[in-house]
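A.B. asks: how does the following fold in three dimensions:
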Amino acid sequence: MQNVAEVFDDKSAAQEALENFAALLEDADFTAELELMGIGRMQFMRRRQMLVEWRGLYMALWRLALSSSFPQDAEYIFATFLHAYRVAHPDKLSVRIVERAQQYWGMLQPKGDTDFSDVARHLGSFSVQDEKQARSLTLRLVLHIRRAYKIIFDRLI
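C.D. replies: Purely as a prediction, here's the structure:
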């Protein structure tokens, strides 16, 4: 695969976006997200499953941010990142994270950054609740996803 700097018009900005997101993802602590969903420390299997979901979602949110800042190159930057991530993390869990990232991107793409409710409902579906609790969780998740998107977008470059 070609070096990012060889492909893009603004080489340093694209490379910086890749490096910034890799560092942001590496430092991500999803404790708040798990607590928001009511997943406790001792729920090991659910925690593991939801960490896959949240990491994949963060990658997809980054892809969404790339669409605004690098409209011509966003797809290539994202594909470059996913390839590098798979090479650096060859385990089965990371393969699932990349798959989820692509699926979340598919959910986000039609509405962009205007509406995160479909993704929030999907994440909420991992929690067993009555209808009122589900609506409340969906609203809290929408706000949380929007904040996460803003953080990712602000740190893009």
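A.B. asks: count of neighbours near residue 16?
C.D. replies: 14 (other CB atoms under 10 Å). C-beta here means a position set from N, CA and C on the backbone, and glycine is covered the same way.
A.B. asks: how about residue 53?
C.D. replies: 21.
A.B. asks: which element is residue 26 on?
C.D. replies: helix 11-27 (DSSP states H and E).
A.B. asks: list the helices and strands that helix packs on?
C.D. replies: Counting contacts by 3 or more CB pairs under 8 Å, 6 or more residues apart in numbering; DSSP states H and E, helix 11-27 is packed against helix 4-7, helix 44-69, helix 74-88, helix 131-154.
A.B. asks: after that helix, next one along is what?
C.D. replies: Counting by DSSP H and E, what follows helix 11-27 is helix 31-36.
A.B. asks: helices or strands up against that next one?
C.D. replies: Using 3+ CB pairs under 8 Å, 6+ apart: helix 31-36 touches helix 44-69, helix 131-154.
A.B. asks: any regions of the chain where pLDDT drops low?
C.D. replies: 1-11, 128 (pLDDT under 70).
A.B. asks: buried sites along the helix holding residue 26?
C.D. replies: By 16 or more other CB atoms under 10 Å, the buried positions in helix 11-27 come out as 14-15, 17-18, 21, 25.
A.B. asks: contacts only, for the residue most central in space within the chain.
C.D. replies: Nearest residue to the geometric centre of the chain (CA atoms, centre = their mean): residue 58, 1.6 Å. Contact partners of residue 58, counting by CB atoms under 8 Å, 6 or more residues apart in numbering, are 24-25, 28, 148, 152.
A.B. asks: just the residues you listed now: which is nearest residue 96?
C.D. replies: residue 25 (15.1 Å; CB to CB).
A.B. asks: state the distance from that closest one to residue 125.
C.D. replies: With distances taken as CB to CB, to the nearest Å, residue 25 is found 24 Å from residue 125.
A.B. asks: for the helices and strands packed on helix 31-36, which one sits closest to residue 109?
C.D. replies: Of the helices and strands packed on helix 31-36, the one closest to residue 109 (CB to CB) turns out to be helix 44-69, at 7.8 Å.
A.B. asks: isn't residue 57 up against residue 119?
C.D. replies: Yes - the criterion here is CB atoms under 8 Å, and residue 57 meets it with residue 119 at 6.7 Å.
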